[in-house]
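[1] Need a 3D model of the following:
(4 chains)
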Amino acid sequence: MKIGVFVCLCGSNIAATVDVETVAESARGLPDVAYAKAEMYACSEPGQAAIRAAIEERGLTGVVVASCSPRMHENTFRRAVERAGLNPYLFEMANIREHVSWVSLDKAANTRKASELVRAAVEKLRCNRGLQRSRFDVHKRAMVVGGGVAGIQAALDLAEGGLTVALVERESSIGGKMAKLDKTFPTVDCSTCILGPKMVDVAQHPNITLYAHSEVESVSGYVGNFSVKVRRRATFVDWTKCTGCGLCMEKCPSRKGPDRFNERLATTTAIGIPFPQAIPKKATIDPDACLRLTKGKCGVCAKVCPTGAIDFEMADEMIEEEVGAIVAATGYDVFDPAACAEYGAGRHPDVINSLQYERMLSASGPTRGHVVRPSDGREPGTVVFVQCVGSRDLSLGRPYCSGFCCMATAKQAVLTRDHVPDAEIIVFYIDIRAPQKGYEEFVNRAREEYGVRYCRGRVSSIYRVGDKTVVRGADTLLGAQMEVEADLVVLAVGGQPSEGARALAEKLRISSDQYGFFMEGHPKLRPVETNTAGVFLAGACQGLKDIPSSVAQGSAAAAKALVLLSRDKLESDPQVARVNPKRCIGCGKCVSVCPFGAIRLVETRFGTQVAEVVEAVCQGCGVCNVACMDKAIQLDHFTDDQILAEVNALCREWRVAN
Amino acid sequence: MAVTQRFFLAHEGPGGVAAWLSAMAETMRVMTPVREGISVVFRDHSPEAPLDFGGLDTAGPKAAVFPQTEYLLRYRAERTAPVGGHRGVKLEEVRPEGDVLLFGASPCGARGLTLMDQVLLRDGVEDPCYRIWREHALVAAIVCQAPYSSCFCNWVGGAPDDARGSDLLLAEIEDGFVVEAVTDKGLAAVRERLAVATEEQARAAAERAEAARAALPAPPDLDDCPARLNAAFDDMDFWNEAAAGCIHCGACTYACPTCTCFNITDEASGLAGERIRTWDSCMFPNYTQEAGGHNPRPTRAHRLRNRVLHKFAFHPARFGEFSCTGCGRCIRLCPMGLDIRTIIRTIEPRTATQTTESRTGRAKEAKHV
Amino acid sequence: MSGMACSELKIIGFLCNWCSYGGADTAGVARFRQPTDLRIIRLPCTGRMDPLFVLKALLGGADGVLVSGCHPFDCHYSSGNFMARRRLEVLARFLPVLGIDPRRFVYTWVSAAEGAKWQAVVTAFTETIHELGPAPRVLDPDDAPLRFKEGREIWPT
Amino acid sequence: MADVAALRRTVLEILPRVDLVIGWQRGPDALRAAPLLMRNAADVDRLIWDRTCVHNLATFLPREKGKKVAIIVKGCDSRSVIQLVQEGLVDREDLTVIGLPCDGVVSQAKLRRAADMDRLESAEIGADHVEITAAGKTLRMALDAVMPDKCLSCAYPNALLFDRFVGDPMEPPQQRQDPYARLDAFEALPLEERFDFWKREMSRCIRCYACRNACPLCVCRDYCLAESRQPHYQSQESDVREKWFFQLIHATHLAGRCTECGECERACPMGIPVLLFKKKLGRIMTELFQYEAGLDVSATAPLLTFQAEEENIVEKQWL
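    Predicted coordinates for the structure are as follows:
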């Protein structure tokens, strides 16, 4: 091998605390190193040109760049050496910036450390071999999981982009949280009026197959070739016959089931359509509330249904979908404030959460748009909003800001003034976060034009005195204790990953953060990709966000999937496990540890069994490599010899004495 | 060369073992047998460590002149051009240094050295490292007094008081050892330092040796053993059965005082490296593994056959002696209880048809190892 | 040289690419000062971490070995760190029977966002290793084959 | 212990249906046995069954894969067979297991410590004693004194997996020794002494690989890492580091698989207590995963699986 080593100064980022000339000089003393040079900015065009020139002029067959983190520029340099005719896997990086120059000011120690890291990189490179990517066919179909506004946007964009789409929604209608909102900030326009047409588009688009009341059961396969099992939960109504006339709902004698669409502010029938604009507009029976399904009596709906759509025997159905890409858009759930006992939610009838209030404000909601005290139905005189319930609260394990609640509260305060012109409206807040277009102005209008009183301080307790709900807190700006006798208290609850998000992450083999939000590929540069190729994220499932951001991310995820599936064939990452069939004893330990099902046992012509890796399925984690006792299976680019070369290179030198 | 002269080395006191070893240690490395658990190994002599002359040293004295690991050469690549590019290589042969006294070897172990000499010190193909080790080693063996049940030195021309391979041969009597200087080198080590043995002492020593010889059961006649083995070469049924319990470890060969097989590997780290000779064993499958994948000795049976034939047919054909000193270490140490004596005593040529059958059997066997 | 006071000991770190390597990058970007003893080897996943690499390092002259990967549930490959946790916990408990101080080996989880935690981990682990001092050697450096001594002279002491 | 005549009858019955039956025969002396591979009825005459039948014959199974094999096993040996079946290294359908009850064998190592076994003249094994005549001296010892540690703490006197059981199953004998007694004693030493202990013990190793080859679960055949050039885990040098590292390869690869049958240590010609490594790992497996290898053919080895929440693992906390 003929190795070139390029030591980057990164301006002064590296050069200030590492003697790069000494590092280059020590590299010249390493085996197979034919050329070593310091570069001002290795990643810049002149830097890359110098690397390419050295490869061409000096006939280098391997390159080490000592510069920043490979997470930053490994691909940059791989492309650079590839342009000069080298296999991109005959390239290694030594991270002498993030791991060396930026973390210590001791120039002598840094220089020594950088030189050793270069030596480890050179020793590893000597064990590298060129790897070839292989190509495979893709399914030109995508799946969107979750039919909230982000999922709807993604599905529509994908469908418009020419792909066919399977949209899977857990509830019996798409629309998600946005469908429950009365108005949206900061324009205070009608939520249903802007979402409704999009929902109709989904229903009518020829490229979209909608699976409502359905869930993802399992996912196998890999980018371009996912195979997804979808469980269509039994609705007990044949949707091909149901016309959405609503007659069943009128006649259903069971009326005590919780109305989940209305956030349990009301009860509803056992059979029904959740809201008038539902898509699909089809009836579903709640098997827990239905008298026929629980007690075997009744069956009124079946009698009244004009199309005979009721089917009490219906069972779950499994559907197999073959797709090339998956967009996860599972949204969020609101925080259950019952966890904050001091706020009395669930105990005091006049303490409700912000989503319940949203339903109360809605003309199609349980109070037909009248703001009332749930305890007695009277109009409230004093309405108190409490912010950051379940957000920014370490004691609840939720240090994060939910992002949308400040604005939602401002909007609800403004709407309260419209509904109850004389009401006293007080908002307890910690900080106001209104950074987007028109947001700050909206909050100021709420304060100034709508007379909403903003008190900076946390509420310590809420309790009932007579028919009043007393809110005790502090106004930290005035430095005074406050006690407000409220008629209605609205807790601005934060969000959390929707129920089942972790289970879905496991099925999709994507990771989630400590709270359960799905992890994007890179917080800045790959915000809608995940680390599992072919799986993209949209909306609040990746992190809480408001409607415009969710819609933007829906479109972005769709664009990423469209780019991916615009190609007829995909290239697989060649950093995969490889079996040496001569060594393999066929014990199958690799098969049992592989998280991706990428390894199988096949019979040889001698009748023995050996392991075989399905390259496109293998993600390159290397779990199999460790489980294999005679090391017949090796993870390319991270083989035992490559890692041992690094270990040996770093261990070889004896300690540095004082 | 052999000037038979007898000296006396007392157990204790000024003319005793400890004093003599200390004197010897001034000019050379002294290695003595030490008991560790159930094994007896040669260690650098320490006056505090009790010596163990009770029996055979477990792994034999071979390692003193044929180390398990021998560095043959070392190299270091050196940069000649200022900016990488051409390199020179500095090579340096490594050769053994320093004299060593191996005190308390068994006569069968010492005799093994003469059989190793036949292989490693042949005219024209002399092993330079082994030559140096041999020249620098002074072997002091101790006559066996009571044979082990695994001993069969008298089958292969040896004896409990065999002096071949030793520079000094010690025979223990009541209060010390009668030391026979077998070679000039041995003589030089004792002449100035030890008293001459009395006739009475010499007689006592001879009597004990005679008793030890007598204690060995009468040997079978092995004159036709090479012929019988050669005739049974293709009788794979026999070899399969003989090797049935074998787990192809290297205990027998590594403990054998006559086995000389080795492997050579290069080890490098950075720009420097070494060429290393290490013991190898014909019982290991990898021993005959060819780069192309073929293994001419694919089964335990093939490998055991090679070991037995090497010692009792091939070596005698070339050098006129069995390559076995009858020390029985392979029998004592075999974890599976295999006994080479059974093979050399019982093997008989079988008929031609049996042999043909066994050939097919061999092909079948080969697949499963 | 063993036994002498050392300004720097030999600590090898094995980090998974997705979380801890990123966490170490994050610490670097934030300029969190750290001791300089640690040398990092990048792995795709702690699931690739063979306990033999640790033993190789500890018998080969390392004074400490640190393995760090994604927090449970956050593995890029979904379960690599779970597999690693079992393997490495077994190894950690095994070291004492070899006479190797178990404090010389630590495995932990650091996410790509936890630059400050990375700094704390590196600092604390390096301090522990300095408290323990140089690890006992299997081979005396002077008895080691030449190729292991090569390079000793590169860094003037 | 079961009657050898009954055992021979069973073998003769099974022999026509299999390619070979693996048992024991008399070895080089009265207290040593050797493996016996029986292919025809005449071979069965040499079959023995007594307290010298120490070898764990399961070690011969993987290489006979593809043949119809019958094997005679003691309780401890049967655990290795179970483990091999569990790992798919032996086909259960091709295997006929002849199970035996056993309340202990004799240890060559312990006999050697007590008597001049190299000069053994005659021996007699009674119900609770061994009488040895060696180098002209006769010594009578309690059986317990010359049994391997594993027999003194035996919990599985009867074969756990068998197609035929010869003799009557035994009650587990009283435990005369804690299974980890020797490990406890060793771990009571200071760390430095343990380290120095291994340096000294390993210096005696001759890299003959008897430990590996006697191990029924060392199944890498010709591709052991100890001798592999690619991957190159270690060199062929005989220094302590390489020899010790090989033991660590062996031990770590047995973690969660080893049944602590002790063949590695029994086979070692240099008497190195390499079983200590595996005992330690065995105890770790019990502590962490409540798992004992070789009891259940359908179990999953603890290192081939995981739990998202590990009950017994307390991870390192940083201040």
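[2] Who are the contact partners of the residue nearest to D:Lys110 when sequence neighbours are not counted?
    Among residues not flanking D:Lys110 along the chain, D:Val146 sits closest, at 4.6 Å (C-beta to C-beta, 6 or more residues apart in numbering or on different chains). Backbone N, C-alpha and C define where each C-beta goes, glycine included. Neighbouring residues of D:Val146 by C-beta atoms under 8 Å, 6 or more residues apart in numbering or on different chains: D:Val106, D:Ser107, D:Lys110, D:Leu111, D:Ala114, D:Val130.
[3] Need the nearest residue in space to A:Val122, chain neighbours excluded.
    Excluding its sequence neighbours, the residue lying closest to A:Val122 (C-beta to C-beta, 6+ apart) is A:Leu30, at 4.8 Å.
[4] and B:Pro14, how many neighbours?
    Per other C-beta atoms under 10 Å in any protein chain shown, the neighbour tally for B:Pro14 reads 9.
[5] what ranges do the strands span in the stretch 501-650 of chain A?
    Residue ranges of the strands in the stretch 501-650 of chain A, as given by DSSP state E, counting those that start in this stretch, are A:535-537, A:569-571, A:577-579, A:599-603, A:609-613, A:633-635.
[6] give me the low-pLDDT residue ranges for chain C?
    Residue ranges of chain C with pLDDT under 70: C:1-6, C:141-142, C:146, C:148-157.
[7] got the residues of it near chain D?
    For chain C, the residues in contact with chain D (C-beta under 8 Å from any C-beta of the partner chain) are C:51-52, C:55-56, C:59-60, C:72-73, C:79, C:82-83, C:85-87, C:89-91, C:93-94, C:96-101, C:106-109, C:117, C:120-121, C:124, C:136, C:138-139, C:143, C:145.
[8] in the stretch 1-150 of chain D, which spans are strands?
    D:20-26, D:33-38, D:69-73, D:95-99, D:120-125, D:129-134, D:137-142.
[9] okay, now the domains of chain B?
    Listed by automatic domain parsing, the domain ranges of chain B are B:6-66+B:90-215, B:225-262+B:281-355.
[10] Indicate which one of those is closest to chain D.
    The closest of the domains of chain B to chain D is domain B:225-262+B:281-355. By C-beta to the nearest C-beta, the value is 3.0 Å.
[11] ranges for the helices of chain C?
    C:20-29, C:51-60, C:80-98, C:115-132, C:146-149 (DSSP state H).
[12] which SS state does the residue in the stretch 151-300 of chain D positioned nearest to chain C fall under?
    Proximity of the stretch 151-300 of chain D to chain C (C-beta to the nearest C-beta) peaks at D:Phe195, 2.8 Å away. Using DSSP: H, G, I helix; E, B strand; the rest coil, the structure places D:Phe195 in helix.
[13] from what I can see it touches C:Arg137, true?
    No: assessed by C-beta atoms under 8 Å, D:Phe195 is found out of contact with C:Arg137, at 9.6 Å.
[14] Which residues of the stretch 51-200 of chain B lie near chain C?
    Going by C-beta under 8 Å from any C-beta, the residues of the stretch 51-200 of chain B near chain C are B:Tyr71, B:Arg74, B:Arg76.
[15] Surely the last one is in contact with B:Ser269?
    No: in this structure, B:Arg76 sits apart from B:Ser269 without contact. The criterion is C-beta under 8 Å, and the distance is 10.7 Å.
[16] which one of these two has more residues nearby?
    Ranked by neighbour count (other C-beta under 10 Å), B:Arg76 and B:Ser269 place B:Ser269 first, with 22 against 18.
[17] Counting neighbours, what do you get for B:Gly13?
    For B:Gly13, using other C-beta under 10 Å, the count is 11.
[18] which stretches of the stretch 1-150 of chain B have low pLDDT?
    In the stretch 1-150 of chain B, residues with pLDDT under 70: B:1-4, B:54, B:79-87.
[19] ok but the residue nearest to A:Val122 is inside a helix, no?
    No: assessed with three-state DSSP, A:Leu30 is coil; it does not lie in a helix.
[20] So it is in contact with A:Arg119, correct?
    Yes: using C-beta under 8 Å, A:Leu30 is in contact with A:Arg119, at 5.7 Å.
[21] Of those two, which one has the most company?
    A:Arg119 (29 against 25).
[22] Is it correct that that one falls within a strand?
    No: counting by three-state DSSP, A:Arg119 is not found in a strand; it is helix.
[23] Give me the distance between the two termini of stretch D:245-261.
    21 Å (C-alpha to C-alpha, to the nearest Å).
[24] That one and chain A, are they touching?
    Yes: judged by C-beta under 8 Å from any C-beta, stretch D:245-261 and chain A are in contact via D:His253.
[25] I'd like to know if that stretch reaches chain B anywhere along the stretch.
    No: using C-beta under 8 Å from any C-beta, stretch D:245-261 stays clear of chain B, with a minimum separation of 12.8 Å.
[26] That stretch - what's its average pLDDT?
    Stretch D:245-261 shows a mean pLDDT of 97.
[27] for stretch D:274-288, same thing?
    Stretch D:274-288 shows a mean pLDDT of 97 in the predicted model.
[28] how about the CA coordinates for it, as CSV?
    C-alpha atoms of stretch D:274-288 as CSV (Å, rounded to 0.1, in the frame of the first residue of the first chain):
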residue,chain,number,x,y,z
VAL,D,274,-7.8,-23.2,33.9
LEU,D,275,-11.3,-24.3,35.1
LEU,D,276,-11.2,-21.3,37.5
PHE,D,277,-11.9,-19.0,34.6
LYS,D,278,-14.9,-20.9,33.6
LYS,D,279,-16.1,-21.3,37.2
LYS,D,280,-16.0,-17.6,37.5
LEU,D,281,-18.0,-17.1,34.4
GLY,D,282,-20.4,-19.7,35.5
ARG,D,283,-21.0,-17.9,38.7
ILE,D,284,-21.5,-14.6,36.8
MET,D,285,-24.1,-16.3,34.6
THR,D,286,-26.0,-17.5,37.6
GLU,D,287,-25.7,-14.1,39.4
LEU,D,288,-26.7,-12.0,36.4
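[29] Return the residues of chain D in contact with chain A.
    D:66, D:87-89, D:219-221, D:223-225, D:228, D:230-233, D:253, D:300, D:303-305.
[30] Let's see that with 10 Å instead.
    D:62, D:65-66, D:84, D:87-89, D:217-225, D:228-234, D:249-250, D:252-254, D:257, D:300-301, D:303-306, D:308 (C-beta under 10 Å from any C-beta of the partner chain).
[31] before we move on, back to that, figure out which of the strands of the stretch 1-150 of chain D is closest to A:Pro374.
    strand D:95-99 (72.5 Å; C-beta to C-beta).
[32] so B:Thr342 touches D:Pro28, yeah?
    Yes: using C-beta atoms under 10 Å, B:Thr342 is in contact with D:Pro28, at 8.5 Å.
[33] the more surrounded of the two?
    D:Pro28 (21 against 14).
[34] For the more buried one, which non-adjacent residue is closest in space?
    Setting aside the residues directly before and after it, D:Pro28 is nearest to B:Asp339 in space (C-beta to C-beta, 6+ apart), at 4.4 Å.
[35] neighbours of the one you found, just the number please.
    B:Asp339 has 20 nearby residues by other C-beta under 10 Å.
[36] can you tell me which residues contact it?
    Applying C-beta atoms under 10 Å, 6 or more residues apart in numbering or on different chains, we find B:Asp339 in contact with B:Ser150, B:Phe152, B:Ala242, B:Gly328, B:Cys330, B:Ile331, B:Arg345, D:Gly27, D:Pro28, D:Asp29, D:Arg32, D:Ala34.
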